[in-house]
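**Student:** with the sequence up front, the predicted model follows.
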Amino acid sequence: MDQHSARPGAPGAAPTTAPGAEPTAAVYRPQRPAPARPAHPLAALLRRLRAVQRPRPRLTGLGTGVLVTVVTVLAGMTDAALFDGPGVFFGVVFVAVCATAAVYVRPYDLVAAPVSAPIAFALGIGLTADSGGGGLVGHLLGLFTGLALMTGWLYTGTVLAALIVAVRALRLPSRRRRSRRCSAARRGRSAR
């Protein structure tokens, strides 16, 4: 038992003598803090999400275009083989790959994600569109019909990629160089 001498009436000191008698020594008993209220579950979730290590973006501009194009064409071929032409599966995969490319593209090549999306979409539709047995004219007609009917998927993927890229661009630190006149360090005069 740890005993310290304390003044009578000191906070946290409890007298060890009977009431009415002169206190000579007191035992220090620290008061326990009130239990902390549990944090709101949403706040705890947000704290955990902020602590998660995010992957570094590594796709170049060319890599972004190739990724979006290859995945879009493969999704169009799969959809054409299973459901007789590009449809909902093609559109969902296109939107997902556009968002993924916008997240993983390097900061220097941010503009590549929204630019490569419509090109990849047109190639995917062009390679998997139903020609209807009409040769080149039938294939072109199938391409234009597919582009006209699936414009919603095209706009959704492109706008989503542009929004993600815009948010990432706003979060980048400013890389402007300060002029010599505005620099914080004082410069001495040159010797003549």
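**Tutor:** Received the coordinates, thanks.
**Student:** helices along the chain, start to end?
**Tutor:** Along the chain, the segments classed as helices by DSSP state H run 41-51, 61-83, 88-104, 112-128, 135-149, 151-171.
**Student:** which parts of the fifth one are buried?
**Tutor:** It stands for helix 135-149. Going by neighbour count (16 or more other C-beta atoms under 10 Å), the buried part of helix 135-149 is His139, Gly142, Leu143, Gly146, Leu147. No exception for glycine: its C-beta is placed from N, CA and C like everyone else's.
**Student:** do the same with the third one
**Tutor:** Along helix 88-104, the positions that meet the burial threshold by neighbour count (16+ other C-beta under 10 Å) are 90-91, 93-95, 97-104.
**Student:** tell me the one of those nearest Leu123?
**Tutor:** Nearest to Leu123 among the buried residues of helix 88-104: Phe94, at 11.2 Å, using C-beta to C-beta.
**Student:** per-residue pLDDT, the closest one?
**Tutor:** Phe94 is assigned a pLDDT of 94 by the prediction.
**Student:** pretty sure it contacts Trp153?
**Tutor:** Yes. Taking contacts as C-beta atoms under 8 Å, Phe94 lies within contact range of Trp153: 5.7 Å.
**Student:** overlap in contacts, those two.
**Tutor:** Residues within reach of Phe94 and of Trp153 at once, by C-beta atoms under 8 Å, 6 or more residues apart in numbering, are Phe121.
**Student:** pull the contacting residues for Leu170.
**Tutor:** By C-beta under 8 Å, 6+ apart, Leu170 has no neighbours at all.
**Student:** could you work out the end-to-end span of stretch 44-64 for me?
**Tutor:** By C-alpha to C-alpha, to the nearest Å, the extent of stretch 44-64 from end to end equals 35 Å.
**Student:** any idea of the mean pLDDT in it?
**Tutor:** Across stretch 44-64, pLDDT averages out at 78.
**Student:** next, the buried residues of it.
**Tutor:** Buried positions in stretch 44-64, judged by neighbour count with 16+ other C-beta under 10 Å: Pro57, Leu59, Gly61, Gly63, Thr64.
**Student:** mind checking how far Ala113 is from Val71?
**Tutor:** Computed with C-beta to C-beta, to the nearest Å, the distance linking Ala113 and Val71 is 13 Å.
**Student:** neighbour count for these two, which is higher?
**Tutor:** Ala113 (30 against 19; other C-beta atoms under 10 Å).
**Student:** hmm, back to that, dump the helices of the chain into JSON lines; add distance to Arg29 as well.
**Tutor:** Shown next, in JSON lines, are these (distance: least, C-beta to C-beta, whole Å):
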{"stretch": "helix 41-51", "distance to Arg29": "33"}
{"stretch": "helix 61-83", "distance to Arg29": "65"}
{"stretch": "helix 88-104", "distance to Arg29": "56"}
{"stretch": "helix 112-128", "distance to Arg29": "64"}
{"stretch": "helix 135-149", "distance to Arg29": "78"}
{"stretch": "helix 151-171", "distance to Arg29": "51"}
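**Student:** Pro33 is nearest to which of these?
**Tutor:** Closest approach to Pro33 among these (C-beta to C-beta): helix 41-51, 20.4 Å.
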